[in-house]
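>>> quick one: sequence and predicted model below, then my questions.
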Amino acid sequence: MIGTLDAFSGVIMKINGVLTGKVILLLGIGCAVLMASAKDANAYPVSLPPGISLTIGDQHELGLVQRNIPNGNGARRNYVNHLIGMALGTHDVAFGNGFFRSNNSFNPLPQAVLAGLVSGTSTTINLGSGLYTYLFANYSGQQREGVGSSFAEVWYVGNLSGVITIPGAGLSEWMLFGRGSAGAVPDGGTTVMLLGAALGVLGVARRFLID
């Protein structure tokens, strides 16, 4: 009986030893993968695109709104959407304001929405990447030929990213409109790589523990 117990204990200890060795091996693999991923992330940093300076009437202009612009983000969103629906190079009157659509063609032009809207007064703006579609900037006291001294410039920024600058003379406020809910910065490749590595470790763990 004692010999049987000793043999059984030896088998248990052997199994425990094998399992312990496998667990240590798996931990080592996991640490190595994470360290390698971190090293690669540090070796290849993601840099911001070069800064772009927007100007009144440039190739990014969607159009402009003439006369004093009322407060209220909803009204300004409506102004942007009105410009979107206008034909290239046309002028009309709506909401008590004059609207001038530029000759710049952008495709597609989704409707501006209030979700994720941000605003500011500085001339330097960080667009992030893929978060915003339209930049509405309100100017007063800056004379523009054929328009007057009070107007809003609207740029299409859906094809831009990173840090941009806009004219500062007469700038009172700007707003960025998105194409939907905004806020979360698009995930980088490092997170995806780490997730794949974790799934790979789990697959190895399952195989080792079953064997």
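Looks like it arrived, so ask away. Being a predicted model, the structure only gives us computed values, none of them experimental.
>>> what's the separation between residue 152 and residue 121?
Distance of residue 152 to residue 121, given as C-beta to C-beta, to the nearest Å: 14 Å. From N, CA and C alone the C-beta is placed, and that goes for glycine too.
>>> low-confidence bits of this protein, can you list those?
For the chain, the stretches with pLDDT under 70 are 1-50, 142-148, 180-211.
>>> name the single longest strand found in it.
Ranked by residue count under DSSP state E, the longest strand found in the chain is strand 134-144.
>>> on contacts alone, who are the packing partners of that strand?
Judged by 3 or more C-beta pairs under 8 Å, 6 or more residues apart in numbering; DSSP states H and E, the packing partners of strand 134-144 are helix 73-84, strand 148-156, strand 171-178.
>>> ranking the ones you listed by burial, who's on top?
Across these, averaging neighbours per residue (mean count of other C-beta atoms under 10 Å) puts strand 148-156 on top, at a mean of 22.
>>> so what strands line up beside that one?
Strand 148-156 pairs in its sheet with strand 61-66 (antiparallel), strand 134-144 (antiparallel), by DSSP bridges.
>>> on that earlier part again, which residues touch the longest strand of the chain?
Applying C-beta atoms under 8 Å, 6 or more residues apart in numbering, the contact partners of strand 134-144 are 54, 56, 62, 64, 68-69, 76, 79-80, 112, 125, 149-158, 166-167, 169-177.
>>> perfect, that will be all.
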